[in-house]
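Trainee: This is the structure alone, sequence omitted:
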């Protein structure tokens, strides 16, 4: 009986870890569904399909090392996509990001950044050098609820609004779930960044930048090394926003 109990515990732990490994198999822009990157199919297809969501290695797991280049666009960021493909969206429009799953209780913020690709082809841009990134949106903790739980209860869907006044052109959208349920010790936070290749049209003149990945996060930042269970709502809301504030001047 003791052996069965141990096996059951191990099994439930493995299942829980597997459930935690979320990915983005689908986007929705202007009511149109656009395939994302499905880790259960796309890595095994030859030739690999072109997707606007940056592909990862044969894993949808999290990143714990904030100095790794994987923190830019997920596991396997060194590998560029197999070819150029970008989704069109007007400045001021909304990208709906549909995750395959996200467990309730994997508390944390949802953070969104953009970086302008230096050419019109984002597939040649890794985004892991220099400081091309800027924060466009974040949801943290409000009225006793973490942004991650809101996403989980909303059919695993999160809406990202593209700023109205950025210049037209090619961009990477870095959409990230940060799970803090094990963040009370250094190396415990789990980062799930996803990069989406976009062509923004009807923009204006603003060309923000200033953040770098890796570099924007430190393992000891107050919103990263953090005990999520202390239930200090006011403190959680004010400090749990790694990467700094949303870029000033965005509309």
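Mentor: That came through, no problem. For clarity, every value in this text was computed on a predicted model and none was experimentally measured.

Trainee: ok, which stretches of this protein are strands?
Mentor: Secondary structure of the chain, counting by DSSP state E: strands at 26-29, 32-35, 87-90, 94-98, 110-116, 133-139, 141-142, 145-146, 157-161, 169-179, 190-201.

Trainee: Which residues belonging to the third one are considered buried?
Mentor: For strand 87-90, the neighbour count (16 or more other CB atoms under 10 Å) marks 87, 89 as buried. (Glycine included, C-beta is placed from N, CA and C.)

Trainee: Quick one: residues in contact with that strand.
Mentor: By CB atoms under 8 Å, 6 or more residues apart in numbering, the surrounding residues in contact with strand 87-90 are 27, 29-30, 34, 52, 95, 162, 196-202.

Trainee: related to what we said a few turns ago, looking at the strands of the chain, which is nearest to residue 213?
Mentor: Evaluated with CB to CB, the strands of the chain place strand 133-139 nearest to residue 213, the distance being 5.9 Å.

Trainee: now for that closest one, which elements pack on it?
Mentor: strand 110-116, helix 147-153, strand 157-161 (3 or more CB pairs under 8 Å, 6 or more residues apart in numbering; DSSP states H and E).

Trainee: Could you dump those into TSV with distance to residue 44, mean pLDDT and mean neighbour count added?
Mentor: Formatted as TSV, the helices and strands packed on strand 133-139 follow (distance: least, CB to CB, whole Å; pLDDT from 0 to 100; neighbours: other CB atoms under 10 Å):
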stretch	distance to residue 44	mean pLDDT	mean neighbour count
strand 110-116	29	98	25
helix 147-153	28	95	19
strand 157-161	26	97	17
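
Trainee: Distance to residue 66 for the ones you listed - can I get that in CSV?
Mentor: Shown next, in CSV, are the helices and strands packed on strand 133-139 (distance: least, CB to CB, whole Å):
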stretch, distance to residue 66
strand 110-116, 13
helix 147-153, 18
strand 157-161, 22
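
Trainee: For residue 195, see how far away residue 220 is.
Mentor: Counting by CB to CB, to the nearest Å, the gap from residue 220 to residue 195 is 25 Å.

Trainee: Residue 247: which of the contacts of strand 87-90 is nearest?
Mentor: residue 162 (12.8 Å).

Trainee: picking that back up, which of the strands of the chain comes out lowest on mean pLDDT?
Mentor: Of all the strands of the chain, mean pLDDT reaches its minimum on strand 141-142 (a mean of 84).

Trainee: ok, back up a step: any of the contacts of strand 87-90 buried? List them.
Mentor: Applying 16+ other CB under 10 Å to the contacts of strand 87-90 flags 27, 29, 34, 52, 95, 162, 196, 197, 198, 199, 200 as buried.

Trainee: Quick check: the gap between the fourth one and residue 220.
Mentor: Computed as CB to CB, the residue 52 to residue 220 distance reads 34 Å.

Trainee: swap in the fifth one?
Mentor: For residue 95, the distance to residue 220 under the criterion CB to CB works out to 32 Å.

Trainee: got a list of what the closest residue to residue 178 other than its chain neighbours touches?
Mentor: Excluding the flanking residues, the one nearest residue 178 by CB to CB, 6 or more residues apart in numbering is residue 108, at 4.3 Å. For residue 108, the contact set (CB under 8 Å, 6+ apart) comprises 146, 147, 148, 177, 178, 179, 180, 181, 183, 189, 228, 240.

Trainee: make it 7 Å
Mentor: When contacts are counted by CB atoms under 7 Å, 6 or more residues apart in numbering, residue 108 touches 146, 148, 177, 178, 179, 180.
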